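Enquirer: Would you be able to build a 3D model of this:
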Amino acid sequence: MCFSHESPAIFRYAIVSNDTSFIDAYLETKVKDFLYNGGKGKLVTVTELVKLRNKERNERLGAFSRKKGKGKSGPNVLDDFNQEGENVGDLKKALKLLDGGGKGGRNESKYREISWKLEERGSMGETIIGCCLLHASEIHNALVLKILDYYPKLLNDIHISEDFYGLSPLHQAIINTDCKLVYKFLKLGADVNSRCYGAFFCADDQKASRTDSLEHEYVELSLKTNYTGYGGKLNYDF
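Expert: Residues are numbered from 1 along each chain as shown. As a prediction, this is how the structure comes out:
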């Protein structure tokens with residue numbers, strides 16, 4: 001991530017002096033390096049993200065408890081496209097139709113748009129927005145909105161990790177009971193249907209049964225549960 005121990009003091013100075021020019025310069029240069037295609041984002045197959053989640057889970061388990069992802073992954077059509085070109089919008093429309101997500105379609109997408117580079121995330125799989133929202137201070141919230149002015153696609157960039165997979169900035173704003181930030185996120189186009197599939201949100205008696213499939217994004221679980229420790233999935237649950 002791209003924060004230093006001096007960052008809070010710098011942000012406070014910017015707010016007091018009303019001079020954000022150096023923050024603007026930092027966002028335009030240093031932060032940009034952590035983003036795919038300069039902040040325009042990149043489409044990644046759900047299969048790739050599920051493999052990362054599965055790998056992290058298995059690294060914590062003993063050899064006899066490890067479970068490989070079930071199912072088969074289809075061909076990655078993204079390999080044949082340049083995602084830095086000007087026709088990315090057409091690519092997204094085509095993929096939506098292929099997924100059955102066109103008019104009247106209800107299939108789960110097999111692709112997810114990611115903005116913050118996967119290898120540059122924090123220990124929870126968070127982006128710079130997720131990191132700021134963990135602090136939940138007035139200064140960090142102001143910085144979140146500043147960053148979103150430059151890189152709006154970070155608004156729907158989720159945590160990618162076994163424990164917190166799917167946690168979005170809107171989820172975090174709700175957890176922080178910050179009604180003003182929730183309102184602003186909704187006005188900016190936050191995805192209200194985003195779901196959390198991480199172990200942290202599972203019922204305690206379901207965590208040991210967590211199993212991945214390369215054919216979908218959600219985690220397969222034992223249906224038998226008493227719901228103790230269940231944290232919800234949708235923003236409405238939170």
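
Enquirer: Spatially central residue for the protein, please.
Expert: I158 (1.0 Å; C-alpha atoms, centre = their mean).

Enquirer: I'd assumed Y197 was in contact with it.
Expert: No: using C-beta atoms under 8 Å, I158 is not in contact with Y197, being 9.4 Å away. All C-beta atoms are positioned from the backbone trio N, CA, C, and that covers glycine.

Enquirer: quick one: buried residues of the longest helix along the chain?
Expert: For the chain, the longest helix by residue count, based on DSSP state H, is helix 46-60. Neighbour counts using 16 or more other C-beta atoms under 10 Å place 46-54, 56-58 of helix 46-60 among the buried residues.

Enquirer: same check, this time on stretch 23-33
Expert: Buried, per 16+ other C-beta under 10 Å, within stretch 23-33: 23, 27, 31.

Enquirer: For these, could you give me CSV that also reports pLDDT and distance to C131?
Expert: Listed next are these as CSV, based on pLDDT from 0 to 100; distance: C-beta to C-beta, whole Å:
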residue, pLDDT, distance to C131
I23, 89, 16
L27, 93, 14
V31, 95, 12
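
Enquirer: Could you dump the residues you listed into CSV with distance to P169 added?
Expert: Shown next, in CSV, are the buried residues of stretch 23-33 (distance: C-beta to C-beta, whole Å):
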residue, distance to P169
I23, 19
L27, 17
V31, 16
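
Enquirer: what are the ranges of the strands in the protein?
Expert: Remark: strands assigned in the chain by DSSP state E are 42-45, 111-114.

Enquirer: Tell me the strands beside the first one, with direction?
Expert: With DSSP bridges as the test, strand 42-45 is paired with strand 111-114 (antiparallel).

Enquirer: now, among the buried residues of stretch 23-33, which is nearest to L133?
Expert: Nearest to L133 among the buried residues of stretch 23-33 is V31, at 16.1 Å by C-beta to C-beta.

Enquirer: which stretches of the chain form helices?
Expert: Secondary structure of the chain (DSSP H): helices at 7-17, 21-28, 46-60, 88-98, 128-135, 138-150, 169-175, 179-188.
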